[in-house]
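*Asks:* Provided below for reference: sequence and predicted model.
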Amino acid sequence: MDKLAIDEEFVDNVVVLKLRGIIDSGTAQFLEDRFNDLVSSNSVRIVADLGDVNYISSAGWGIFVGEIKGIRQRNGDIKLASMHADVREVFDLLEFNTLLKPYNTKEEALAAFAMHQNTRIQDS
């Protein structure tokens, strides 16, 4: 069984989760636990860097979809970055782009958080 590894770094008040491996029914709980830990610590601005993820099953996508509502209720978001073509194809087929915003790179996802933050400051 392939494993899922998660490294994290903080960049300007955003948690970047660098995921490596596959996300399926055997590894999805590990990802869900990590999201729960982040929400518990009020770290709800999250970039999931999927550049080293070759496969995400329905169970894996279910974790992202299941977590997004609670994270957004806390004024956070999950932004997906660097999806491989095969992973992106399933993402698009399932029409998850209506729930989660994909970005080509981690830097683009981080910039989207920065732009959102700047917009909120200007609106204040």
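*Replies:* Alright, I've got the coordinates. Numbers count the residues shown, from 1 in each chain.

*Asks:* for the protein, what helix or strand is lowest in average pLDDT?
*Replies:* helix 106-123 (a mean of 73; mean pLDDT, DSSP states H and E).

*Asks:* Just the mean pLDDT for stretch 29-44, thanks.
*Replies:* Across stretch 29-44, the average pLDDT comes to 95.

*Asks:* roughly how far is that stretch from the heart of the chain?
*Replies:* 11 Å (Cα atoms, centre = their mean, to the nearest Å).

*Asks:* Kindly report the same for stretch 94-101.
*Replies:* 12 Å.

*Asks:* Only alpha carbons, please: show that stretch as CSV.
*Replies:* Taking C-alpha atoms only, stretch 94-101 is exported to CSV below (Å, rounded to 0.1, in the frame of the first residue of the first chain):
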residue,chain,number,x,y,z
LEU,A,94,-16.7,15.4,-10.7
GLU,A,95,-17.3,19.2,-11.0
PHE,A,96,-15.5,19.9,-7.7
ASN,A,97,-14.4,23.2,-9.3
THR,A,98,-17.8,24.6,-8.1
LEU,A,99,-16.6,23.9,-4.5
LEU,A,100,-12.8,24.2,-4.5
LYS,A,101,-10.6,26.5,-6.5
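
*Asks:* For it, the averaged confidence score.
*Replies:* Here stretch 94-101 scores 92 as its mean pLDDT.

*Asks:* please renumber so the chain begins at 59
*Replies:* New numbering, starting at 59: the last item is stretch 152-159.

*Asks:* Parallel or antiparallel, which strands does the longest strand along the chain pair with?
*Replies:* Scanning the chain for the strand with the most residues, using DSSP state E, yields strand 103-114. With DSSP bridges as the test, strand 103-114 is paired with strand 72-81 (parallel), strand 135-139 (parallel).

*Asks:* Can you give me the buried ones in it?
*Replies:* 103, 104, 105, 106, 107, 108, 111, 114 (16 or more other Cβ atoms under 10 Å). Just so you know, the C-beta spots here come from the backbone N, C-alpha and C atoms, and that holds for glycine as well.
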